[in-house]
Every structure is written in structure tokens, then in C-alpha cells.
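# What shape does this take:
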Amino acid sequence: MTYTDGLNPDYRRIFHGQDEPIFRVLPERVQDNFRSSASENALLWNTFYPRRFSLELVSLLKQEPLWGSRLDLGTDVLEPYFWGFNVEGERLSQLDPVLEKVDGPGQKTEVDLFMLGSSSLIAVEAKNRSGLGRCARYSHHRCPEIHPDSLEGEVICAYWEDGAARFSSFLDFGERPEPEDNQPPCARYYQLARTLLVVVNLAAELNLRPFLWLLIPKSRWPGFQREWVDFAGRILDSELWRSARVLNWESVRQIPSD
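Model (predicted):
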């Protein structure tokens, strides 16, 4: 993982906190997104950074969700970790060992936002204009299960093998994909599934309750609804299903800033 050093770059889309230490340790790919005209990273930072001292689980659960069960979990003060770092630039405890265990070698799952409490760990997948991430190997016709003839040598998909990365430990994705399958659930819900694996495994290490939340613009819910409802219906654990939630940017901004 590559980090920048030296002076902070000029992020004109950041309203507050540009001098925070986190900007000296963020991976380059995260920092590059801040320069985009439709930067989801800037939207995330500008929404949660001003509220970093007033984030409580109860205040977030009071916001009317686009999808989610009614929960009464008491008070838990939450600290935001943006892309795995708090504003002081400190890495979330046990995150890297969990990513190594879940993802193995290569590109690691990059959760947009964790909110860490004394009893809760919330993983937030934040979207503005983009959609849910798909499996790149499947889209490039290099899935070991569906396109074995396109690969050189024996390649396996860890998400169908025994271990921390196995999707079927927490999700009903049906039988292992076969060459004639068209866009199986593991390819369609790849990003959400990986994020779920990370937060469940990390919460277990920290002895916390895991939550998986999707954050989108309210106007885009009709475009996300069918996929989210189908994905959420595949979550095997009932408590994990009840803790899943879809919030909108507009409702989060109703929480007073610090």
C-alpha cells in the first residue's frame, strides 16, 4: 500500500480539516479521487468530518432509513475511520490482519467509512453517482469458475473455498458457479459481499457487533432498491440482516455538526 508524504495536496473540494494528519497517510488512489469533479471521497469527508464529535448510534438510527429495521440499541459514541484511518492518521486496530486474511495477496477491500463504538462497528459503502462494484474477473471473462478456459494454469476463487473469504459462510449465493451461469450473485454483489466479510471478521476480532450500511442520494434509491433488497435477503444471520441499513446523504446531514 502506497502512502503520500510531505505536505498535504491542495484539495479544493474539502471544506474543513485539510490539514488533518490523515491526509499524510491516505493511499494515493484515495487521494486521487478527491481531485475528481464528482468526488465521492470529498462528499464523504465533508459530510462526516464536521460531525465527527457528534456521531452516536442512536442519532443515526433516528434518521428515517430508505431500507432497514427499527432498532433500539442504546447509546454508543462512534469514531469515524475514513478509508481505515481516523483523522489523526491512525489505522483501525486489526484491520490490516483481517484484510490479509479475507482478501489474501493483491488489492485489498477498501471500506469507505468505518464507525467504531464501544459495542458497534459499522461499515459504510458510500455512493453518489457510481453504482455497486461488480467482480472484475467475471466482467473481464477471467472468472476461475465460469471462464476456466481463459486462464493459464490452475486458478481458484477464494470466495468459494474454505476460509475467512468464503461468501457462503454469511450469504446465500447458491451453488458454486459453473461455466454456463450468467452473472451469478457473487459477481453481481461482489463489493457488498467483500465489505460484509471484512466487517464481520473485524468485529469478531474486536468483540463488537457488525453493521453493514449503504449510503446513497435519496433520489437514487429506486435504482438501488431491487439489488439491495435481493442482496440483503441473502444474508444468512438474522441479527446481521436486522442491522443492515440504507441511509441517504440528506438525512445524515440533519445530524448537527460539531
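
# Return the set of buried residues in stretch 18-35.
18, 20, 22, 23, 25, 26, 27, 30, 31, 33, 34 (16 or more other C-beta atoms under 10 Å). Glycine gets a C-beta too; all of them are placed from N, C-alpha and C.

# And stretch 75-94, by the same measure?
So stretch 75-94, judged by 16+ other C-beta under 10 Å, has buried residues 76-87, 92.

# which residues touch that stretch?
17, 20-22, 24-27, 30, 41, 44-45, 48-49, 52, 55-58, 60, 95, 110-120, 122, 202, 205-206 (C-beta atoms under 8 Å, 6 or more residues apart in numbering).

# Just those residues: which are in strands?
113, 114, 115, 116, 120, 122 (DSSP state E).

# Which members of those define the maximum pairwise distance?
Greatest spatial distance in those: 113 and 120, 13.4 Å, computed using C-beta to C-beta.

# so which of the buried residues of stretch 75-94 comes closest to residue 158?
residue 84 (20.8 Å).

# do you know how far the closest one is from residue 26?
As judged by C-beta to C-beta, to the nearest Å, residue 84 and residue 26 stand 9 Å apart.

# Equivalent analysis for residue 217, please.
For residue 217, the distance to residue 26 - C-beta to C-beta - is 24 Å.

# Contacts only, for residue 113.
By C-beta under 8 Å, 6+ apart, the neighbours of residue 113 are 44, 48, 80, 81, 82, 83, 122, 123, 124, 126, 215.

# pLDDT wise, what is the residue nearest to residue 124 when sequence neighbours are not counted at?
Among residues not flanking residue 124 along the chain, residue 113 sits closest, at 4.1 Å (C-beta to C-beta, 6 or more residues apart in numbering). We have a pLDDT of 98 for residue 113.

# for residue 113, which residues make a bridge with it?
residue 82, residue 124 (DSSP bridges).

# From residue 43, how far out is it?
11 Å.

# who touches both of the two?
residue 126.

# looking at this, residue 210 is in a helix?
No - Residue 210: not assigned to a helix; according to DSSP: H, G, I helix; E, B strand; the rest coil it is strand.

# That one: neighbour count?
When neighbours are defined as other C-beta atoms under 10 Å, residue 210 has 23 of them.

# With residue 102 instead?
Residue 102, neighbours per other C-beta under 10 Å, totals 21.

# Just the pLDDT for it.
93.

# That one is in contact with residue 95, isn't it?
No - the pair residue 102 / residue 95 is not scored as a contact, 10.4 Å apart, by C-beta atoms under 8 Å.

# Run through the stretch 1-150 of the chain and note the low-pLDDT ranges.
1-13, 15, 150 (pLDDT under 70).

# Let's see that with 80 instead.
Filtered on pLDDT under 80, the stretch 1-150 of the chain yields the residue ranges 1-18, 35-38, 72-74, 105-106, 148-150.

# again, but for the stretch 151-258 of the chain
151-156, 180-181, 258.

# quick one, strands of it?
Secondary structure of the stretch 151-258 of the chain, counting by DSSP state E, counting those that start in this stretch: strands at 209-216, 245-248.

# list the helices and strands the first one packs on?
Contacts of strand 209-216 with other secondary structure elements, assessed using 3 or more C-beta pairs under 8 Å, 6 or more residues apart in numbering; DSSP states H and E, are made with strand 120-126, helix 190-206, helix 221-232, helix 238-243, strand 245-248, helix 249-252.

# switch to 7 Å and redo it
Under the contact criterion of 3 or more C-beta pairs under 7 Å, 6 or more residues apart in numbering; DSSP states H and E, strand 209-216 touches strand 120-126, helix 190-206, helix 238-243, strand 245-248.
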